[in-house]
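>>> Test case, fold it:
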Amino acid sequence: MPTFEFVAKNTAGSQRADVLKAENMDAAVNSLHGEGLIVLSIQEIEEKVSDKFKGRLAMFGKKVPTSLVAISTRQLATMLHAGLPLIRSLRALGRDEKNKVLADVLEEVAVDIEAGDRLSRAMSKHPKVFSSFYVSLIRSGEESGDLDKIMRQLSSYLERTESIKRKVKSAMSYPVFVISFVVLAGFVLFLKVVPMMGKVYEGLDQELPLLTQIVIKSSHLLKDYIWVVMLLGGAVVFGFKMLKQNPKGKLLIDGKKLQMPIFGKIVKKLVLAKFMRTLGILVDSGLPVLSSLELAGGSASNAVIERAVAEIGESVSRGSKLSVGFNETNTFPEIIVQMVSTGEETGTLGQMLSEVADFYDEQVETAINGLASLIEPLLMVVIGGIVGLVVIATFLPIFNMSSAIKG
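Okay, here's the model as predicted:
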């Protein structure tokens, strides 16, 4: 998509120089008019990519761990606060960075700034490393003159988000491992062990117990139709992915995630915590409420919340208060509506949003820890039940034979 550089002014007469992406020149002008800006000049600009990096462009498709971006952001904020020039700071970080992709990206950002780009625009060329949310905050810091402060807030946000992800993964890693083990053990039992025992019992002139017959027939069915099972599993996974790519399908799936028994409440709290924290830091950075809502809604990674946030944006654009928009969607809990209302009344909206995010983060941690302690013994019972059922079914005919001989 082409990039356009423009100079415009608002109704108050203050000028704004920036860049935006649009399908063509007319679309860019219409977009600016939609923001209430009067375009003074606009021109399409070409992306400047140093020949030194043309051979490495394929590397930029790789994602850089969020933890590394957070560390580099904090280091860059410290350097800028100490008075070091931006280009020198970027190159120093690039030389020290062990991750090759991030090191090359930082160097190219420095090259683009030397060529006349702003930091935000240079970073926007690497969306796999710097998200639209990240770039918007950097642009806000450039316009306010508090770039180092914004970058410290941004690094804290990334660190907090990454910390929550690690805790969730850590809590769920054991249950996932156990479930995988159960599935693998089940396949081994039904495809190897049970058929062997079935051949032994075929030579016996006696009727097998019903449980044994069911297990053996299930084993035969699985062995005969294993490819059908695998194809059906692949079809389900493929269909699920295709459904997620469709807006209506994604809305349906994300809605079901929030309604799942036990897990649905945890997912909703995770989504709300991320959305509220993102919105809080955007509002604190000085971005307009509508722009903040758009960016924060996209970062929520849930179509239900995105749709609700879009409705809030429409309500605010009609002149309603932000708290009124939250209340009208019937999607957000009452505590969020009240905190947003208090923030608007006291002028501490960003702080209130961050406090709500902290509240939900704590609830998520407590819920995950409780869930992990509940899942572990439950899985043990399930594993024991499956293995015990197969063992009993396999050896039940032997027990019956022994009883018959004694009788």
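>>> Distance check, L154 against D146.
Per CB to CB, to the nearest Å, L154 is found 12 Å from D146. All C-beta atoms are positioned from the backbone trio N, CA, C, and that covers glycine.
>>> Ignore what I typed, I meant V39.
From V39 to D146 the distance is 28 Å (CB to CB).
>>> buried sites along stretch 212-228?
T212, V215, I216, S219, L222 (16 or more other CB atoms under 10 Å).
>>> for stretch 183-194, that is, sorry about that
For stretch 183-194, the neighbour count (16+ other CB under 10 Å) marks L189, F190, V194 as buried.
>>> Equivalent analysis for stretch 97-104, please.
E97, V101, L102, A103, D104.
>>> which one among these gets closest to G384?
V101 (46.2 Å; CB to CB).
>>> what about the closest one, which helix or strand?
helix 100-114 (DSSP states H and E).
>>> for that helix, packing partners?
Contact partners of helix 100-114 among helices and strands, from 3 or more CB pairs under 8 Å, 6 or more residues apart in numbering; DSSP states H and E: helix 51-54, helix 66-81, helix 86-96, helix 119-124.
>>> got the phi/psi numbers for T329?
Main-chain torsions, T329, degrees, to the nearest 10: phi -70, psi -20.
>>> quick revisit: now, which of the buried residues of stretch 212-228 lie within helices?
T212, V215, I216, S219, L222 (DSSP state H).
>>> Not including adjacent chain positions, what is the nearest residue to the third one?
Spatial nearest neighbour of I216, excluding adjacent residues (CB to CB, 6 or more residues apart in numbering): G198 at 4.5 Å.
>>> repeat for the first one
Nearest-residue entry for T212: A393, 4.8 Å, with adjacent residues in sequence omitted and distances by CB to CB, 6+ apart.
>>> Just to check, A92 is in contact with M79?
Yes. The criterion here is CB atoms under 8 Å, and A92 meets it with M79 at 7.1 Å.
>>> Out of those two, name the residue with the larger neighbour count.
Shown here are A92 and M79; by other CB atoms under 10 Å, M79 has more neighbours (19 against 16).
>>> ok, that one to F275 distance?
From M79 to F275 the distance is 31 Å (CB to CB).
>>> One more: L80?
Distance from L80 to F275, counting by CB to CB: 29 Å.
>>> what about these two, which has more around it?
F275 (28 against 19).
>>> So that one: helix, strand or coil?
helix (DSSP: H, G, I helix; E, B strand; the rest coil).
>>> Might you report the residue contacts of the closest residue to it other than its chain neighbours?
Spatially, and ignoring its direct neighbours in sequence, F275 is nearest to A300 (4.2 Å; CB to CB, 6+ apart). A300 is in contact with V271, K274, F275, T278, E306, V309, counting by CB atoms under 8 Å, 6 or more residues apart in numbering.
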